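>>> Next comes the sequence, and after it the predicted model I'd like to discuss.
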Amino acid sequence: MTTPIYRNYYRQRTANQWRKIPAEQGDPSAIRPFLAGNWKMNLIPRAGVALAARIFDLCHNIRDVDMGFAPPFTGLSTLADYIEPDFLQREYGIGRNVFLLAQDTFFESKGAFTGEISADMLAAIGVDRVIIGHSDRRANLGKYFGFSSSVARRLSKSFLTQSHLRLSQRENPDIKILSAIAHLLEESNNDVLEGLEKFLEHELNERAGESDEAIQRKVHAALANGLQVIFCCGENREARRAHETFELLERQIRIGLDGVARPTMHEIIIAYEPIWAIGEGAKPAPPEQIAEVHDFIRNLLMDLYGEQVAARVRILYGGNVKPDNICEIMQLAGVDGALVGGASLNASDFSKIIRFGLPN
Ligand code: 13P
């Protein structure tokens with residue numbers, strides 16, 4: 001027996017299992033899947049609008065699911081102007097189900113934060129939702145920004161000797177820091193220093209990025225400015241192999257959403273994106289694993305916010321979602337849509353993803 005695909009549904013928990021209950025297509029109070037394209041660092045504004053236009057053309061009259069586009073910051077304003085609901089309604093028979101997404105935001109509202117963009121700036125140009133905690137930012141910043149080599153440099157003998165001198169000349173030097181540096185500088189500690197340098201260089205290269213705490217602040221800044229949040233979480237290959245997936249996800253969600261009150265949870269969409277399944281050359285997570293994690297996240301939300309909230313929060317899957325696997329993924333009882341990278345840059349592929357379960 002093949003599992004049916006519902007484009008609109010309710011969700012119920014019976015015998016400890018979440019199930020989708022079909023709803024009339026377009027039922028306004030049913031759950032609407034959300035198919036979101038994360039363009040990452042691709043497309044100049046004009047090219048983004050051209051891509052969106054081709055997608056709308058292939059998705060005439062689709063009103064039963066939500067679609068979202070996350071261009072880089074530079075493409076937001078142009079796309080905001082283009083996706084004006086009356087125009088989309090007139091031209092393509094779609095409208096209020098199209099959402100403009102930003103890929104990140106900063107938690108402070110203004111000030112000396114060169115290069116950052118605040119949530120109220122995004123809201124002011126028509127952004128509806130913001131992706132927060134994407135793994136590209138949680139885990140890859142160390143690699144790109146070179147924190148690791150800069151820390152490694154600080155563990156060289158010459159840097160430590162100079163620092164010791166500089167700190168000891170201060171009025172009230174921190175004795176603990178001074179003695180730690182003096183200790184490291186002892187001849188017998190050469191190997192320790194070298195080992196420490198290698199360890200930290202590797203750690204930062206692999207792991208430095210946005211912390212759960214920074215992500216939590218971003219979540220609150222977005223909500224305070226009327227933006228909905230697409231909260232990303234997911235484990236890397238190492239954590240999966242070490243059977244630490246659930247522990248890690250629980251930490252990401254508990255800390256990241258800490259302080260979000262129950263009535264505000266309808267402004268939150270969760271995206272489960274296992275890092276090992278993302279990007280060219282990787283394989284999507286197998287459906288059993290997606291189902292298992294989505295159920296885990298939903299049960300955690302039930303503990304934190306109760307069954308009613310847990311049944312309705314949309315949990316998306318991301319990681320090599322393509323036209324040929326979207327149906328299988330959307331058949332899972334815990335999945336409410338997809339956060340799509342590569343395939344969202346191709347009009348034909350992304351429109352097929354939006355049209356999952358419909359005849360061609
Ligand atoms: P891919 O679909 O290219 O694997 O990317 C997933 C992703 O990171 C979306 O945010």
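Yep, it's here. Source: prediction; values computed, not measured.
>>> Only C-alpha atoms from now on, for both contacts and neighbour counts.
Noted.
>>> Can you name the residues bridging to the nearest residue to R13 once chain neighbours are set aside?
Among residues not flanking R13 along the chain, R19 sits closest, at 6.2 Å (Cα to Cα, 6 or more residues apart in numbering). Beta-bridge partners for R19, by DSSP bridges, are Q12.
>>> What's the local residue count around R19?
R19 has 16 neighbouring residues, counting by other Cα atoms under 10 Å.
>>> how about the chain, which residue sits the furthest from its center?
In the chain, the residue that sits farthest from the middle, by Cα atoms, centre = their mean, is E187; the gap is 46.4 Å.
>>> now it: how far from R153?
18 Å (Cα to Cα, to the nearest Å).
>>> Can you list the low-confidence ranges for this protein?
Within the chain, the ranges that satisfy pLDDT under 70 run 1.
>>> which bits of it sit near the ligand?
N38, I278, G279, G318, G319, N320, V321, L339, V340, G341, G342 (Cα under 6 Å from any ligand atom).
>>> circling back: any idea how far the residue farthest from the centre of the chain is from Q331?
63 Å.
>>> With L339 instead?
16 Å.
>>> These two - which one has more neighbours?
L339 (28 against 20).
>>> Now do the same contact list for Y6.
Residues near Y6 by Cα atoms under 8 Å, 6 or more residues apart in numbering: K20, P22, A23, M330, Q331, G357.
>>> Need phi/psi at the residue in the stretch 101-250 of the chain that the ligand sits nearest to.
Closest approach between the stretch 101-250 of the chain and the ligand, counting by Cα to the nearest ligand atom: H134, at 6.7 Å. Main-chain torsions, H134, degrees, to the nearest 10: phi -60, psi 150.
>>> just so I have it, where are all the helices in the stretch 201-350 of the chain?
All helices of the stretch 201-350 of the chain, identified by DSSP state H, counting those that start in this stretch, fall at 212-224, 237-241, 245-256, 287-305, 307-312, 326-330, 347-354.
>>> need those helices in a markdown table with mean neighbour count, can you?
Shown next, in a markdown table, are the helices of the stretch 201-350 of the chain (neighbours: other Cα atoms under 10 Å):
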| stretch | mean neighbour count |
| --- | --- |
| helix 212-224 | 21 |
| helix 237-241 | 13 |
| helix 245-256 | 18 |
| helix 287-305 | 17 |
| helix 307-312 | 18 |
| helix 326-330 | 21 |
| helix 347-354 | 22 |
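>>> So for L76, which of the ones you listed sits nearest?
Closest to L76 of those is helix 212-224 (Cα to Cα; 16.1 Å).
>>> what's next to that closest one, contact-wise?
105-109, 119-120, 130, 132-133, 228-229, 231, 252, 255-258, 260, 267.
>>> What angle do helix 245-256 and it make with each other?
50 degrees (axes from the mean of the first three to the mean of the last three Cα atoms, to 10 degrees).
>>> coming back round to it: what about the residue farthest from the centre of the chain, distance to A338?
56 Å.
>>> got it, and E108?
Taken as Cα to Cα, the span from E108 to A338 is 29 Å.
>>> more crowded one of those two?
Between E108 and A338, A338 has the larger neighbour count (other Cα under 10 Å), namely 29 against 16.
>>> So that one sits against N320, correct?
No: applying Cα atoms under 8 Å, one finds A338 not in contact with N320, separated by 9.8 Å.
>>> Tell me how many other residues crowd the residue nearest to I315 when sequence neighbours are not counted.
Residue nearest to I315 in three dimensions, not counting chain neighbours: I270, with 4.7 Å by Cα to Cα, 6+ apart. The tally of other residues near I270 (other Cα under 10 Å) stands at 23.
>>> How about the contacts made by I270?
When contacts are counted by Cα under 8 Å, 6+ apart, I270 touches I230, F231, C232, C233, V313, R314, I315, L316.
>>> Using CSV, write out the CA atom coordinates for the helix or strand harbouring F199.
Using DSSP states H and E, F199 sits in helix 190-207. Extracted C-alpha coordinates of helix 190-207, given in CSV (Å, rounded to 0.1, in the frame of the first residue of the first chain):
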residue,chain,number,x,y,z
ASN,A,190,57.2,22.8,24.7
ASP,A,191,55.3,19.7,23.7
VAL,A,192,52.2,20.8,25.6
LEU,A,193,52.2,24.1,23.8
GLU,A,194,52.6,22.4,20.4
GLY,A,195,49.8,19.9,21.2
LEU,A,196,47.5,22.7,22.5
GLU,A,197,48.1,24.7,19.3
LYS,A,198,47.2,21.7,17.1
PHE,A,199,44.1,20.9,19.2
LEU,A,200,42.7,24.4,19.2
GLU,A,201,43.5,25.0,15.5
HIS,A,202,41.6,21.9,14.6
GLU,A,203,38.7,22.5,17.0
LEU,A,204,38.2,26.1,15.8
ASN,A,205,38.6,25.1,12.1
GLU,A,206,35.9,22.4,12.5
ARG,A,207,33.6,24.0,15.0
